[in-house]
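Peer 1: pasted the sequence and its predicted model underneath.
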Amino acid sequence: MIKNIAAVVSGMDEEYPYHIINGINDFAREHDLNVSYFAAFGGIIDSKDFDFGEFSIYGLPDFSAFDGALLLSNTFANEVVRERIIERVKSAGIPTVIFECDDYEEFYNVYIDNYSVMKKLVEHLITDHGAKVFNFIAGPESNPEAQDRHRAFRDALKEHNIEFDDRRFFNGRFRSYDGIKAIEDFIESGLELPDAFVCANDSMALTAMSKLQRMGYNVPEDVIVTGFDNTFNAQNSFPTLTTVERPVYDSGYKACHVLFNLMNGEQQPKSIPMEAEPVFGQSCGCGKHNFEDMREFKRDVYLRLERTYTNVHMLNRLIAGLAGSKNMTECVEAISQIVKTLEMEKFSLCLIEDWENTFHTLSLADKDASYPEYMTAPLIWDRGRRMTLKRFPSSQLRPIPFETGGNISYFLPLHFSERVLGYLIVTNNDFPIYSMLCHTLTMCIGNAIENVSKFSVLDPLCKIANRNGFTRTSEELFKDCIAENNTLMISFIDLDGLKIINDTYGHKEGDFAIQQVAMALSGCCRGDADICARFGGDEFVVLCSNVSEGFEKDFEARLDNKMAEINANIDKPYQVSISYGSVVTTPKFGDKLSDVIQEADGIMYAAKREKKKFI
């Protein structure tokens with residue numbers, strides 16, 4: 001029987017997850033296991049809305065449908081998202097291996113002793129190089145590895161009676177840009193140059209070193225820089241980086257091996273240690289550049305550059321092709337050309353069923369968050385053959401389930417800001433982990449799909465505005481309210497029990513119920529002064545401007561009466577029921593309409609949850 005593994009990771013474009021994933025994949029292929037990676041790139045920009053869209057992918061899988069799970073939880077900077085995923089995996093009750101974390105007795109832990117090896121590195125700088133003044137560039141506060149490395153740094157200084165100036169501390173996220181930002185912050189502080197910048201990983205150390213060099217400082221003559229991970233770039237930087245060698249590939253391979261044994265009923269140790277050692281390179285004044293492997297180095301660099309040039313050219317073609325797309329057919333054609341260029345074995349473009357109209361967000365902080373019930377696949381690529389699938393359940397994940405083992409799939413989110421559009425599935429192709437352009441590609445496709453949806457303004461089922469029609473009209477009205485100091489009301493409405501109606505009486509009856517809600521809302525609106533729209537699926541929104549105190553109560557009462565009237569007349573074996581949430585506000589300059597909608601949405605979902613308690 002073929003085993004299926006779920007793997008969860010954040011940000012696959014760094015070397016650490018790249019090597020772990022390669023280790024996992026090699027074991028999986030050797031033992032005919034299917035691995036599904038659910039991956040996002042949150043925290044790239046300082047935008048909560050963008051992160052809502054990115055993190056939506058973690059709301060997709062039902063982990064209980066898998067035979068086991070691998071959690072790269074140490075790649076998550078967002079503590080809320082990480083803990084929510086861990087809760088869901090724990091509740092699934094499947095064998096799980098986690099990396100670098102012993103906080104959960106249910107899970108098996110593959111780890112290295114971050115504390116001891118970081119302490120050894122810092123002590124080397126103190127005892128062998130006489131360093132006394134340090135800057136520290138840390139990883140995410142909530143990350144256990146980052147915590148251990150930070151604690152080891154502090155303890156090493158304390159044991160050598162060296163006081164640490166907290167102004168020399170920078171809190172990063174393990175991302176390359178953090179190294180640049182840390183140096184910029186240091187320069188702004190006006191403090192003297194330290195003896196050493198100790199960094200919690202290589203990505204930050206390398207960009208910090210490069211920034212210092214561009215500013216005219218010599219490493220290590222003027223200042224020492226150290227990292228952690230011994231990545232390819234750290235080994236081949238100039239000067240070579242003093243860092244920590246840890247068996248990252250072996251950790252991935254070992255974790256998958258442990259999980260494989262657990263899925264087959266074999267007992268395994270709860271904690272599996274992996275050895276790590278400092279590597280004293282040129283950046284602290286110790287190492288010499290090793291030219292013995294120059295041929296292999298040149299080959300690797302050439303392949304990386306060639307692949308980068310190819311991918312940039314491919315991305316330019318995609319952007320040009322998508323920019324002119326006015327419908328989904330043209331979008332699919334442009335995407336197909338890229339899939340072909342990248343020589344992908346299998347690829348699926350999966351959109352939520354009502355993607356043109358639906359305004360859908362998924363917050364992993366909300367334990368009741370769920371993916372829409374049905375998807376559509378306008379593009380399925382299978383070894384050069386193109387197909388489409390009008391409808392499939394999101395719980396199935398793939399448009400066409402696998403019948404074989406040894407498949408490696410990457411599930412990547414498609415969204416426009418906080419609006420969830422669907423996801424991409426790349427199978428048996430490592431583009432998502434070897435190319436930093438993969439995330440750029442997903443954003444381009446998401447933006448293009450959003451643009452295509454903007455060509456439609458009317459919902460064909462309900463004959464009222466769709467999400468785009470609402471946006472076009474409401475943004476201008478919102479600005480007018482700000483300029484004229486007018487009060488407005490936003491109501492977010494959701495049809496109760498649509499899934500039950502669909503499953504019991506058929507989707508035709510579900511469409512009928514949706515139409516009845518639209519009729520009720522239209523009947524409660526005041527003509528051109530109000531905007532009524534279907535956001536998609538079973539969600540609706542109403543905006544009423546220039547309202548007085550108590551307007552929302554009157555509106556909700558009218559709506560309740562309309563719904564009672566409809567149910568009395570339709571003669572159906574079910575009741576058409578709704579939940580709603582209303583916000584009345586006088587917007588000020590700087591306020592966002594989307595924030596008001598989110599607030600009303602939250603009130604509506606709270607009412608829906610309360611209603612469920614009495615059903």
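Peer 2: Sure thing, it's come through. Numbering: from 1, shown residues only.

Peer 1: was I right about Lys346 contacting Arg383?
Peer 2: Yes. Between Lys346 and Arg383 there is a contact under C-beta atoms under 8 Å: 7.3 Å. Any C-beta I mention is one placed from the backbone N, CA and C, and that applies to glycine too.

Peer 1: out of those two, which sits in the busier spot?
Peer 2: Relative neighbour count places Lys346 above the other of Lys346 and Arg383, with 19 against 8, counting by other C-beta atoms under 10 Å.

Peer 1: which stretches in the stretch 501-615 of the chain count as strands?
Peer 2: 530-536, 539-545, 578-585 (DSSP state E, counting those that start in this stretch).

Peer 1: closest one to Leu488 among the ones you listed?
Peer 2: Closest approach to Leu488 among those is made by strand 539-545 (4.7 Å; C-beta to C-beta).

Peer 1: orientation of the closest one relative to strand 578-585 in degrees?
Peer 2: In terms of direction (axes from the mean of the first three to the mean of the last three C-alpha atoms, to 10 degrees), strand 539-545 departs from strand 578-585 by 30 degrees.

Peer 1: show me what strand 539-545 pairs with in its sheet, parallel or antiparallel.
Peer 2: When pairing is defined by DSSP bridges, strand 539-545 lines up against strand 488-495 (antiparallel), strand 530-536 (antiparallel).

Peer 1: redo these as JSON lines? Include mean pLDDT and mean neighbour count.
Peer 2: Converted to JSON lines, the strands paired with strand 539-545 look like this (pLDDT from 0 to 100; neighbours: other C-beta atoms under 10 Å):
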{"stretch": "strand 488-495", "mean pLDDT": "95", "mean neighbour count": "24"}
{"stretch": "strand 530-536", "mean pLDDT": "89", "mean neighbour count": "24"}
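
Peer 1: TSV for those, including distance to Ile338?
Peer 2: Converted to TSV, the strands paired with strand 539-545 look like this (distance: least, C-beta to C-beta, whole Å):
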stretch	distance to Ile338
strand 488-495	37
strand 530-536	27
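
Peer 1: which one of these lies nearest to Gly42?
Peer 2: Counting by C-beta to C-beta, and looking across all of these, nearest comes strand 530-536 at 23.9 Å.

Peer 1: what sits up against that closest one?
Peer 2: 352, 354-360, 459, 461-462, 464-467, 469-470, 473-474, 477, 514, 518, 521-522, 525, 540-545 (C-beta atoms under 8 Å, 6 or more residues apart in numbering).

Peer 1: only C-alpha atoms, please: export it in CSV.
Peer 2: Extracted in CSV, the C-alpha atoms of strand 530-536 (Å, rounded to 0.1, in the frame of the first residue of the first chain):
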residue,chain,number,x,y,z
ASP,A,530,-26.7,51.4,-1.2
ILE,A,531,-24.5,48.7,-2.8
CYS,A,532,-25.5,45.0,-2.6
ALA,A,533,-23.1,42.4,-3.9
ARG,A,534,-22.3,38.7,-3.9
PHE,A,535,-18.7,38.3,-2.9
GLY,A,536,-18.8,34.7,-4.2
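
Peer 1: how far does it sit from the chain's center?
Peer 2: 29 Å (C-alpha atoms, centre = their mean, to the nearest Å).

Peer 1: same check, this time on stretch 383-401
Peer 2: The answer for stretch 383-401 is 22 Å, by C-alpha atoms, centre = their mean.

Peer 1: can you check stretch 375-395 too?
Peer 2: Relative to the mean C-alpha coordinate of its chain, stretch 375-395 is positioned 22 Å out (C-alpha atoms, centre = their mean).

Peer 1: which parts of it are buried?
Peer 2: Met375, Thr376, Ala377, Pro378, Leu379, Ile380, Trp381, Leu389, Phe392, Ser394 (16 or more other C-beta atoms under 10 Å).

Peer 1: now do the helices for the stretch 151-300 of the chain: every range, in order, please.
Peer 2: With DSSP state H, counting those that start in this stretch, the ranges of helices along the stretch 151-300 of the chain come out as 176-189, 202-214, 232-236, 248-263, 294-323.

Peer 1: got a list of contacts for the shortest one?
Peer 2: Under the criterion C-beta under 8 Å, 6+ apart, residues Glu15, Asp202, Ala205, Leu206, Gly227, Thr240, Leu241, Thr243, Gly281, Phe297, Asp300, Val301 lie in contact with helix 232-236.

Peer 1: least confident secondary structure element in this protein?
Peer 2: Least confident helix or strand of the chain, by mean pLDDT, DSSP states H and E, is helix 294-323 with a mean of 72.

Peer 1: nearest to Pro399, of the strands paired with strand 539-545?
Peer 2: Among the strands paired with strand 539-545, strand 530-536 sits nearest to Pro399 (C-beta to C-beta), with 20.3 Å.

Peer 1: rewinding a little: wait, which of the strands paired with strand 539-545 is closest to Ile5?
Peer 2: Per C-beta to C-beta, nearest to Ile5 of these: strand 530-536, 32.9 Å.

Peer 1: hmm, back to that, which strands or helices does the least confident helix or strand of the chain pack on?
Peer 2: Secondary-structure packing of helix 294-323 (3 or more C-beta pairs under 8 Å, 6 or more residues apart in numbering; DSSP states H and E): helix 232-236, helix 328-341, helix 438-453.

Peer 1: export these as CSV, with columns for mean neighbour count, mean pLDDT and distance to Ile2.
Peer 2: Shown next, in CSV, are the helices and strands packed on helix 294-323 (neighbours: other C-beta atoms under 10 Å; pLDDT from 0 to 100; distance: least, C-beta to C-beta, whole Å):
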stretch, mean neighbour count, mean pLDDT, distance to Ile2
helix 232-236, 19, 85, 34
helix 328-341, 17, 87, 25
helix 438-453, 20, 85, 27
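
Peer 1: how about JSON lines for those, with distance to Ala533 added?
Peer 2: Below are those laid out as JSON lines (distance: least, C-beta to C-beta, whole Å):
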{"stretch": "helix 232-236", "distance to Ala533": "50"}
{"stretch": "helix 328-341", "distance to Ala533": "21"}
{"stretch": "helix 438-453", "distance to Ala533": "13"}
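
Peer 1: go ahead and confirm Ile335 touches Leu349.
Peer 2: Yes. Under the criterion of C-beta under 8 Å, Ile335 makes contact with Leu349 at 6.3 Å.

Peer 1: what is in contact with those two at once?
Peer 2: Common neighbours of Ile335 and Leu349 (C-beta under 8 Å, 6+ apart) are Leu379, Ile445.

Peer 1: low-confidence ranges in the stretch 1-150 of the chain?
Peer 2: The stretch 1-150 of the chain contains residues with pLDDT under 70 at 43-46.
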